Each structure stands twice: as C-alpha cells, then as structure tokens.
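Undergrad: what follows is a predicted protein model with its sequence.
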Amino acid sequence: MTENVRETVRDHWLKKFENQKGTISTTAGTKKRKIPEEPEKVDGATKKVKTEGSLDKPIEIVDDISSSEQEQEQEQLQIGGSDKVIVLSDSDDDDDEISFVTKSSSSTSVTFEKAIEDINKLRAAPISPSNESQKMKSPIKMFRTPIVPQKDAVNMSELFPNTIYKTYQFSMQIDLAFLMPLIMKNTSECPEIYLVTQDLFHWDEYHNKYPKGCLKKVFLGLPKWTLHHSKMMINFHQKGTLERPEKFVEIVIMTCNLTPVEFSFMGSCYWRSPLLPYIGSAFPTTTPTQQNTSFGKDLRDYLRLYHDVAIKSLATDLEHYDFSSVRASFIGSAPRKTTTVSRGLGFPKLSTILDTWNLKHHDSTKPPLRILAHMSSLAGPYKESPVANILTHVLCPIISGLDFPLPEGTRSYKDAKRIGNFEPMILFPTESDIQNAEGDGVSGSFVFNMAGNGTPNYELTKNLFYKRDIENEKKNHLEHYKDKFLNNHTKVYMCSDDYSEYTGNNGDKSITFNSIKWVMMGSFNLSKSAWGIPPRNNRDGGWTGRNWECGVVLSPEHYRDVGETRKISFRPVWNTDEYSGQVLGSSLTSSSHAQDLDIAIRLPFRFPVLKAKSSEVYRPPSRDFY
C-alpha cells in the first residue's frame, strides 16, 4: 500500500512540475551550475579570480511568486464538497508536496536576503539584557505537510533558494522524483548534488535528465545490519558578484527521509543553522559564546568517518567556514568498533556534551528529573538475560550523572532511579492512534516496537509509557485534523527543568514540562543500533556503533554569552514558533522577570502527556526497526 500511495502522490505533483516552465528541464535546456572558485591568496591578500564563462552580474535572488500568480498556478481537487482542497502550489511544503489548506489560506517564504539580514543582526547585536523580558522563536521547526498546515510550519521549498551551487543530501531514503523539482524550482542551472543514501529511487530516470556531473551517488559500503539513518543537508550558497562574492554554508538536520510519503502523511521537524560565512568574507566575528560548542569540529570528524573521498573532501571544505554563530552541539553515530570508549560518537558523545555544558547536575531535594523520549521506533533490550536496554541502563544514568552503563538486571536500574532521582518517560503511539492514523494507516507503518520481546524487559518498561492527549490536541488544532491521528516521524529527547504533575478525577496522571533543561533532535531512535552497543562486561571500556546517525543537542547554556548572568529558559510550544508567556498545558504563566530570556522550543506533540496503560501501547508484529 505504501508504494501505491507514493506513486499516487508523486504523479499529482510531478505532472504539475513537468508543466511548469523551467522547472524540470531536459538535458539540453538545463545548465550545470558553475561552482565558484575559492579566492586565491597572494601574500596574505585575497586575489579575486574570474572564471571563464562566469557572469559579472550579481546572482539574482528569486522571490516566491505573488499570491495572485500562485492562485493561478494552483491545481486544486475538490474533496466531497468540502471547503478544503488539495493544493499543489509553489509555496507548499517540500517540492510542492500535496497540502491540505483552506481556500483562504496562504503561505510566505523566507528569502535568502532576509536570512542574510537576520545573520547580520545576530552578529551586530548579540543577545543582551534589556528592561523587558525577551522571547526568542524556536530553533526547532516543523515542516508543513498536508496534515500539518499549522501556524509557522515551514515549506520544504524554502530550504532551496536559487543561491545554492552545491548540496549534500544525507538520508536513508531519497526519491529523486520528489527531491529534484524542489531543488530546480527556482533555477535553470543544476547545482552539484551529492546523494548520500542507501535507498535511491528513480536514479535511472533523473541522472540522465541533467548535465553530466550534476547528480552524484556516494558509495557507502554498509556493513551487514547497518543502516544509513542520518538525515541532514549541507547546502553551499553564493551571493554577490565575482568581484565581491559572498559565500555561505548552512547545516540542516531533520527527522525525516526525502520521500513523498513522509511529506504527505507524517509530521516531521528540523533544525537549521545560521548562514555560516566563508572565512575570507568581510564579516565581523560573532560575539563568542560562553563555551565553544565545537560544532564544526564534531561535524567534520563525523564526516571523515565515511569511506567516500567526496565526503572526506567536504569535511576539509568546511574548515574554511565560520561556525562560531552556531548555538548547538553536534552528535553523530557510525558503524565503528573501539576497544576503548570513543567520546565522539553515540551515547558516549551525549555524555560528553552534557558534561561540557554542565547539564547533568540535579538537586536531589527536588522532584525527580523527568527524562522524555519520543521516537518512531523502540528496539528490544541489548541484553535479554539479565535484562538491560538503552534507555534504562545507558541513557538514564548518563543524563542523571551516574556511572554508565548500569550492570545488567532490574536491581541496578531500581537503585539508580533512587540514587539519581530520575523518572524515564517513553512517549509512544497507542493501538487506537495507529488504527486511526492519516493515510489509512500508512503513517503507522513507520512505527516499530520490540519492547515486548522477553518477559523481563516487558516488566521493566511497561510502566514507562505515555501517550499524547489527542482530545486536547484536537481542540487546539485546525479543523481538518479532528478525525485523524497525526503520527510523527520524529526523534526528540528532552530533560525537564521544571514540570507539573496532575491526577484527574478518574485517576489518570498527566505531566506538563513548564521548562526544558535540554533537548536533542535528530535521527536517533531508541535502539542499540542508533546509540551504540555497550561493552559486554560493562567494564572493558569497549563501544560498538552500528548505524549512521546524526542530531543536535540544544540547551539554554548554548545561548548564554560570555559574562551573561540572566536566566535563560527553554519553553515548550506547540502549533507555533513563539512562546506566549503561558505554560503549555496549564493556566499558569511563566515566572520570567525583566531581562530574562524565554526561548520557544517547538515540539511535535502537545503537553500535557498522559500516562498510558501497558495494554494501550502499540506493538506491531514486525521485528524490523530503525
């Protein structure tokens, strides 16, 4: 059924793009975009290099078409007399994937020039105290899909302005019939595109459509049982003239693959770096943050683990860009085996990041630390007898500042909970959620759960499950969502800074995070394949990684400038990128004072979350998991 849905969705928007002038061009009508040469250094000065056949004119920034033009180009299918239509529009999510909107709705696009303006403001005026409490929009965004036409949700097409001359696409699955119209929408010159994936659809059809060298497959050479599960874009931009070029790179880390199914029936989110200038550009340096995030170095170290020469070369190219404006930490995993614990990958890297930013400390006199994991796949234990799994025996002790991994068995976990004063939470769909999922259950096919494998592991985890408060979400969502469950293909981990716990009249327990201590977003599911396999005897220091994964860790400390003492808080929000001042899921308002900074963290679910009964948790028969 998934393949049928993919074909149906693709056929709709592919027909539209083929009819659009200059969107999907033949080989003869499409130019290969020339890659700008690096300025040549002569005795410490920069010599401008003019390439043969290059244009002297500035690169034109193509704005989105006007609303009236957009309405003329939209292909609409009326659904049963409803006032909602399926819209195939230039402003719609990725590559114009099908989108459910009302007839009166419209969307806007963030232009490249606006992004330049934003980064100039960031560099010229770093976060500083003021007479009023300040608020900052969420660094985590939601993609707009047919089932997520939420406020502030972002069209996938906004990630591909015509200034891109080279891009690297990392994913588990890439459908070129989906991706190429996105990239080519605003340009007639094909950029250099590197495809780093294990499942590539429609290669034969598309690599001959564009000039030779535009599309390049990267050889992965995956070991057995390994997945290339990373989901990331690295986009190189150029703006300006040959005499005064301005070059940038940006990093985008996502939770979804690049296929029409995921952008039709799923909810997905992403993090996007600022535009990072070439070191030779005439930009002032950013005010340094309290600590160097080492984001650029960690990313380059991760890329150098690939066998392909092109990716190793990418790592070298990134040395020439300024990463100092990034307020996040990079975390990756790779198929590697070490005799001593590598601090640069998987769960050891998470421990290093939390240590670096002093995020492990928790006051034992306060209520238990809440550790929430929301993912699309939940693996079984990494050891069945005695039982041990990634959440209870590895991640929880890391997050609470204890030695890790814990010795196998239930006793060590119960002792650690008491000593570390923590409570894990697994936010996962219920049986009824999946049965009522969008796309006649297509979105539910992305959910796997092996937690029921083995009685000891079931007994260990059965009380950790929480569910989304669907009725509450429906009351606060757009009208079209009221009859369906929006399943997410997201992987989000977070730790509470402050939370509220409620017990209803019927005995149901709910939890609301008032503020978040840190949050991690990326491709990591809750499995040993993603995080790595602990050593056999817990004491030999070994670590084994299996999958390619990547993500970002964010905390208020990443946003603290040198010498800054004011309170900075992460505030969870839903259906918006902005924090209103009211705690999500309650009638309380935040206790922020003048000069405090509240940073919104947009989540793919709404607080409060409800305690789930073990019988409610979805357990499909499949043993596959990502």
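TA: Structure received.

Undergrad: buried stuff in the top strand by length along the chain?
TA: If you go by DSSP state E, the chain has its longest strand at strand 509-522. Across strand 509-522, burial judged by 16 or more other C-beta atoms under 10 Å covers 510-522. In this view, the C-beta of every residue, glycine as well, is placed from N, C-alpha and C.

Undergrad: could you identify the helix or strand that succeeds that strand?
TA: helix 528-531 (DSSP states H and E).

Undergrad: against which helices or strands is that following helix packed?
TA: helix 346-356 (3 or more C-beta pairs under 8 Å, 6 or more residues apart in numbering; DSSP states H and E).

Undergrad: and the helix it packs on, average pLDDT?
TA: Helix 346-356 shows an average pLDDT of 94 in the prediction.

Undergrad: any buried residues in that helix, and which?
TA: 346-354.

Undergrad: repeat for stretch 234-247
TA: Of all the residues in stretch 234-247, those buried under the rule 16+ other C-beta under 10 Å are 234-239, 242, 245-247.

Undergrad: tell me the span between the first and last residue of that stretch.
TA: 13 Å (C-alpha to C-alpha, to the nearest Å).

Undergrad: pLDDT of that stretch, averaged?
TA: 87.

Undergrad: what about the stretch 301-450 of the chain, any weak spots by pLDDT?
TA: Within the stretch 301-450 of the chain, the stretches with pLDDT under 70 are 339-342, 439-450.

Undergrad: how about the strands in it?
TA: 329-333, 337-338, 369-374, 377-378, 383-384, 387-388, 422-427, 448-449 (DSSP state E, counting those that start in this stretch).

Undergrad: now do the stretch 151-300 of the chain
TA: Using DSSP E, counting those that start in this stretch, strands in the stretch 151-300 of the chain cover 164-170, 173-175, 189-190, 192-196, 199-201, 215-217, 232-240, 245-254, 269-272, 276-277.

Undergrad: do you know which of those lies nearest residue 504?
TA: strand 269-272 (29.2 Å; C-beta to C-beta).

Undergrad: weakest of the strands of the stretch 151-300 of the chain in terms of mean pLDDT?
TA: strand 189-190 (a mean of 89).

Undergrad: direction included, what does that strand pair up with?
TA: Using DSSP bridges, the strands paired with strand 189-190 in its sheet are strand 31-32 (parallel).

Undergrad: partner residues bridging the nearest residue to residue 163 once chain neighbours are set aside?
TA: The shortest distance from residue 163 to any non-neighbouring residue, by C-beta to C-beta, 6 or more residues apart in numbering, is to residue 237 (4.3 Å). Note on residue 237: beta-bridge partners residue 164, residue 248, judged by DSSP bridges.

Undergrad: where does the stretch 101-250 of the chain have low pLDDT?
TA: 101-133, 148-149.

Undergrad: domain-wise, how is the chain divided?
TA: 2-320, 331-547+604-616 (automatic domain parsing).

Undergrad: okay, now residue 252: neighbour count?
TA: 18 (other C-beta atoms under 10 Å).

Undergrad: which one is it nearest to, not counting chain neighbours?
TA: That would be residue 233: by C-beta to C-beta, 6+ apart, it lies 4.1 Å from residue 252.

Undergrad: that neighbour contacts residue 168, correct?
TA: Yes - in this structure, residue 233 is within contact of residue 168 by C-beta atoms under 8 Å, at 7.0 Å.

Undergrad: in CSV, list the strands of the stretch 151-300 of the chain along with distance to residue 458.
TA: Converted to CSV, the strands of the stretch 151-300 of the chain look like this (distance: least, C-beta to C-beta, whole Å):
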stretch, distance to residue 458
strand 164-170, 35
strand 173-175, 31
strand 189-190, 52
strand 192-196, 37
strand 199-201, 32
strand 215-217, 42
strand 232-240, 35
strand 245-254, 32
strand 269-272, 30
strand 276-277, 46
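
Undergrad: most tightly packed of these?
TA: Mean neighbours per residue, mean count of other C-beta atoms under 10 Å, is largest over those for strand 276-277, with a mean of 24.

Undergrad: what comes into contact with that one?
TA: With contact meaning C-beta atoms under 8 Å, 6 or more residues apart in numbering, strand 276-277 is reached by 119, 246-251, 283, 321-323, 325-326.

Undergrad: now with 6 Å, please.
TA: Outside strand 276-277, the residues that touch it by C-beta atoms under 6 Å, 6 or more residues apart in numbering are 248-249, 283, 321-323.

Undergrad: neighbouring strands - and their directions - for it?
TA: Applying DSSP bridges, one finds strand 276-277 paired with strand 245-254 (antiparallel).

Undergrad: surely the residue nearest to residue 252 and residue 251 touch.
TA: No - look at residue 233 against residue 251 with C-beta atoms under 6 Å: they stay out of range, at 7.4 Å.
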